[in-house]
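A.B. asks: Below: sequence and its predicted model.
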Number of protein chains: 2
Amino acid sequence: MENNKRVDEANQIAIERIQNSTPILVDVKPAINVIPGMKKNLLLCAGPPIRWSQMCEPVKAAILGAIVYEELADDLREAEQIVKREEVTFSSTHNHNAVAPMAGVISASMPVFVVKNETYGNVAYSNLNEGVGQTKTLRFGANNEKVINRLKWMREKLGPALKIIVNESKGINLKEVIAAAIRRGDECHNRNKAATDMFFQKATIVLLRSAFKREEILPVLEFILANPHFFLNMSMAASKATMNAAHGVEYSTVVTAMSTNGVQFGVRISGLGDDWFTAPAPNQDEGKLFKGFVSQDANPVFGDSYISEPAGIGAFAMAASPAIAEFVGGTPEYGLEITRQMGKITLAKHNTFRMPCLNYEGTPVGIDFRKVLQTNIMPVINTGLAHRKAGIGQIGAGIARAPKLCFEKAKVAFERKYK
Amino acid sequence: MENNKRVDEANQIAIERIQNSTPILVDVKPAINVIPGMKKNLLLCAGPPIRWSQMCEPVKAAILGAIVYEELADDLREAEQIVKREEVTFSSTHNHNAVAPMAGVISASMPVFVVKNETYGNVAYSNLNEGVGQTKTLRFGANNEKVINRLKWMREKLGPALKIIVNESKGINLKEVIAAAIRRGDECHNRNKAATDMFFQKATIVLLRSAFKREEILPVLEFILANPHFFLNMSMAASKATMNAAHGVEYSTVVTAMSTNGVQFGVRISGLGDDWFTAPAPNQDEGKLFKGFVSQDANPVFGDSYISEPAGIGAFAMAASPAIAEFVGGTPEYGLEITRQMGKITLAKHNTFRMPCLNYEGTPVGIDFRKVLQTNIMPVINTGLAHRKAGIGQIGAGIARAPKLCFEKAKVAFERKYK
């Protein structure tokens, strides 16, 4: 069939663009200085676009915290008034080539990672990771004074230090770091230990050689070391820079983004422009909850970190990361099984991300929404689990499946556009 | 049979001692201050005891280098005269609870890792790793000025820095580090990347918090970072402290040491005292040679690092380290096969060293010389390969098999002693 041939050719192009992408971390700068369309009173929120009234509690809490952090309000109460008076506006991170994990909010003065896809010239952005979920963080919906003060320290001390590290390194090839980390047991979504270690080493040597004061270096290095997820946001920006290069190929059925705002889960398809095909955000399929919490406490999954899976890492690379397979509630064999399943809904094996325990086979990459519907195997995503109420934070980790409805809607749109 | 029951019970005790051992790195001090029996004119040499006239070229070269380093001679020529006049004496590292890799020599002023087995109170020692084999190092038989100067820097700068790191950390639990590293793709004999990274992190934070000058910290951290084998000597001392605790159990047939001086390969058996059961040192079975070298260039294997395999790491944990399986010339599947084979000649699965890709199965540990002879499966050892001539250094890496004759001799001695 003529149309099928066109789709196959288009998908080949999309896959080539994923495989050939070279995401390089080139800078760390305040969001307002680099993110296209960023404004002082604009807040970028993870996931498909959503109105304030529809947002879930942890996302609302993160937004209020960000407003206080930006000193647009003196306290959370005033922040809420400002929102109601519509003195701030919201936009989806993805409309600005940005990504932010969990209840991810990016505000104007936050330092962001600037990741350039050297092959195709496009750029993506991500905010910085605040620390593990057990400490209260904005991305898990906490917004107390400690959270805000940490964000200010990140703006004033951490951001400039990271800028030095990246600039003095003449850029950091994130594709190489991710590939090396996968060889050392990360899947670079829920486990970023080896990748963070590699970044830590670079950070140490560069800062010690720099003009930075010793008493400023120590807290920066301690902050990075205390957070084995520190690399996550770099990984996400790398995936975003990669997947954006594969987006917009006419006739391609490749999934170029998956994301959720905690209410709606959406996917984007390469050949279908910037529309989101959405369904209610799912809860975890399986998970491991911290002591004292039950399944029902968990908010439906949220955040942009599910950009990892379309790029061939995260749950798709779970076979390479037995530790994370266990952390999300399974066994190493279960991780192998997930990776094998994902092989059935993808178009290629990654040319660079290779799994030692599978004899260096590449990770499955390039989700084809047609294959998802044909096999009825929904893409698996690794995820942190946040409490559905504001201010409590992370309560565990698990895996979830992207909702079938997203792919069914994509199919309808595809048939409408191309037939 | 009564005797068999006694052997089984004895082996159970030996295995329990291995499993319960807790090797802690407690200090870094000059050899002469801590190693029992160490003297100014004494040189400890890896492997079973051997006379100067019988030593292989790289070991002789290392000894001459050590004599110059100790300023017992002005140059290598004079060093040789000193040896001939018997103004220095030699002893096996193992007679002093010490271990040293490759052409390992420990001289009086060298700083050594002090590793205490907290469970049983015994202590083991190892020298410091000088750097990867491609740089000229004493342990690969190089002894030029650069090598000697590096050793002096290690004595004057690195040793004191390491002492601070270890002391300020209140000791470092090496069993935990090894276990974590195995989960991250090391086998802690020929691959020590993850373990070295963990040590690097500790080193960074402690030194930055200490009174050490910034300009002294940087070279120490750069030195550690440049050498992914830096942890090896700590790992070896941990294995030695562990295996010594299992040594000396009457009736036990457990192999408590394997080592070679490059001429003779020897094994020690728990129930057979301090005798070595020796055979000519083997060459590599399989290996990967650096460009420009051929098989015949390699010296028979030498060094004390084969203490790793009796302790359940190194080649015995190869399944956990696909990267090293590949480095020594095989495939990840080959690594799995080696670990499975070693399961047939060992008495237990390690309670702490667990391999993610085998669903967290413990590594095979506790070689029983009877099983070696019954199955005709010789213990595999991972090894670096040195040129047989002095001064050239490392020419590759590979695996070798402990010679059958060692175990046959042990059997004869065992029957003589216990019948």
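C.D. replies: Yep, that arrived. Numbers count the residues shown, from 1 in each chain, chains lettered A, B, ... in the order given.

A.B. asks: all contacts plus neighbour counts: C-alpha atoms, from now on.
C.D. replies: OK.

A.B. asks: Need the pLDDT of A:E2.
C.D. replies: At A:E2 the predicted local distance difference test score is 64.

A.B. asks: typed the wrong thing, it's A:Y360
C.D. replies: Reported pLDDT for A:Y360: 89.

A.B. asks: need the contact list for it.
C.D. replies: The contact partners of A:Y360, by Cα atoms under 8 Å, 6 or more residues apart in numbering or on different chains, come to A:R354.

A.B. asks: At the geometric centre of chain A, which residue do we find?
C.D. replies: Residue closest to the average C-alpha location in chain A (Cα atoms, centre = their mean): A:S305, at 2.2 Å.

A.B. asks: Once you drop chain neighbours, what's closest to it?
C.D. replies: Among residues not flanking A:S305 along the chain, A:P101 sits closest, at 5.0 Å (Cα to Cα, 6 or more residues apart in numbering or on different chains).

A.B. asks: Show the contacting residues for the one you found.
C.D. replies: A:A46, A:R139, A:N233, A:F302, A:G303, A:D304, A:S305.

A.B. asks: which one among these gets closest to chain B?
C.D. replies: Nearest to chain B, judged by Cα to the nearest Cα, of those is A:N233 at 21.1 Å.

A.B. asks: Give the full set of residues in contact with the closest one.
C.D. replies: Contact analysis of A:N233 by Cα under 8 Å, 6+ apart lists A:A100, A:P101, A:F113, A:S126, A:N127, A:L128, A:N129.

A.B. asks: and the fourth one, bridged to which residues?
C.D. replies: Which is A:S126. A:V99, A:F113 (DSSP bridges).

A.B. asks: roughly how far apart are it and chain B?
C.D. replies: 26 Å (Cα to the nearest Cα, to the nearest Å).

A.B. asks: quick revisit: just the contacts of A:P101: which are in helices?
C.D. replies: Residues of the contacts of A:P101 located in helices (DSSP state H): A:N233.

A.B. asks: what about the strands in the stretch 151-300 of chain A?
C.D. replies: Applying DSSP state E, counting those that start in this stretch to the stretch 151-300 of chain A gives strands spanning A:172-173, A:255-261, A:264-269, A:277-280, A:286-289.

A.B. asks: and the ones you listed as CSV, adding mean pLDDT, mean neighbour count and distance to A:T93?
C.D. replies: Formatted as CSV, the strands of the stretch 151-300 of chain A follow (pLDDT from 0 to 100; neighbours: other Cα atoms under 10 Å in any protein chain shown; distance: least, Cα to Cα, whole Å):
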stretch, mean pLDDT, mean neighbour count, distance to A:T93
strand A:172-173, 98, 20, 23
strand A:255-261, 98, 29, 10
strand A:264-269, 98, 27, 13
strand A:277-280, 98, 21, 16
strand A:286-289, 83, 20, 27
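
A.B. asks: For A:N3, which of the ones you listed is the nearest?
C.D. replies: strand A:264-269 (16.7 Å; Cα to Cα).

A.B. asks: May I have the strands that pair with the closest one, each with its orientation?
C.D. replies: Strand A:264-269 has these strand partners (DSSP bridges): strand A:255-261 (antiparallel), strand A:277-280 (antiparallel).

A.B. asks: can you redo those strands as TSV with distance to B:L336?
C.D. replies: Below are these laid out as TSV (distance: least, Cα to Cα, whole Å):
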stretch	distance to B:L336
strand A:255-261	36
strand A:277-280	44
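
A.B. asks: Quick one, which of those gets closest to B:P228.
C.D. replies: Proximity to B:P228 (Cα to Cα) singles out strand A:255-261 among the strands paired with strand A:264-269, at 37.5 Å.

A.B. asks: which outside residues touch the closest one?
C.D. replies: A:45-50, A:55-56, A:59, A:103, A:240, A:243-244, A:246-247, A:265-270, A:281, A:301-307, A:310, A:366-369.

A.B. asks: How about stretch A:51-61?
C.D. replies: With Cα under 8 Å, 6+ apart as the criterion, stretch A:51-61 contacts A:90, A:103-104, A:138-143, A:261-263, A:386-391.

A.B. asks: now do 7 Å
C.D. replies: Contacts to stretch A:51-61, defined as Cα atoms under 7 Å, 6 or more residues apart in numbering or on different chains, come from residues A:A103, A:F140, A:G141, A:A142, A:N143, A:G262, A:V263, A:R388, A:K389, A:A390.

A.B. asks: most neighbours, which of those?
C.D. replies: A:F140 (33 neighbours; other Cα atoms under 10 Å in any protein chain shown).

A.B. asks: can you pull the contacts of it?
C.D. replies: A:P58, A:M102, A:A103, A:G133, A:A386, A:G393, A:Q394.

A.B. asks: any idea how far it lies from A:N299?
C.D. replies: Separation of A:F140 from A:N299 (Cα to Cα, to the nearest Å): 10 Å.

A.B. asks: can you check A:I106 too?
C.D. replies: 21 Å.

A.B. asks: quick one, which of those two is more surrounded?
C.D. replies: A:I106 (30 against 23).

A.B. asks: Now do the more buried one against chain B, distance only.
C.D. replies: 30 Å.

A.B. asks: Could you point out the bridge partners of that residue in the sheet?
C.D. replies: A:L44.

A.B. asks: show me what contacts it?
C.D. replies: Residues counted as contacts of A:I106 (Cα under 7 Å, 6+ apart) are A:L43, A:L44, A:C45, A:N127.

A.B. asks: can you count the residues close to the third one?
C.D. replies: If I follow you right, that is A:C45. Quick note: A:C45 (other Cα under 10 Å) scores 32 neighbours.

A.B. asks: Give me the distance between the nearest residue to A:P23 once chain neighbours are set aside and chain B.
C.D. replies: If the residues on either side of it in the chain are set aside, A:P23 comes closest to A:N117, at 4.3 Å by Cα to Cα, 6+ apart. Counting by Cα to the nearest Cα, the gap from A:N117 to chain B is 28 Å.

A.B. asks: confidence score at A:N117?
C.D. replies: 98.

A.B. asks: which other residues reach stretch A:404-419?
C.D. replies: Against stretch A:404-419 from outside (Cα under 7 Å, 6+ apart): A:G266, A:V267, A:L272, A:F277, A:T278, A:A279, A:F369, A:L373, A:M378.

A.B. asks: Need those residues in a markdown table (columns: distance to A:Y69).
C.D. replies: What follows is the contacts of stretch A:404-419, written out as a markdown table (distance: Cα to Cα, whole Å):
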| residue | distance to A:Y69 |
| --- | --- |
| A:G266 | 29 |
| A:V267 | 31 |
| A:L272 | 37 |
| A:F277 | 33 |
| A:T278 | 31 |
| A:A279 | 32 |
| A:F369 | 40 |
| A:L373 | 44 |
| A:M378 | 38 |
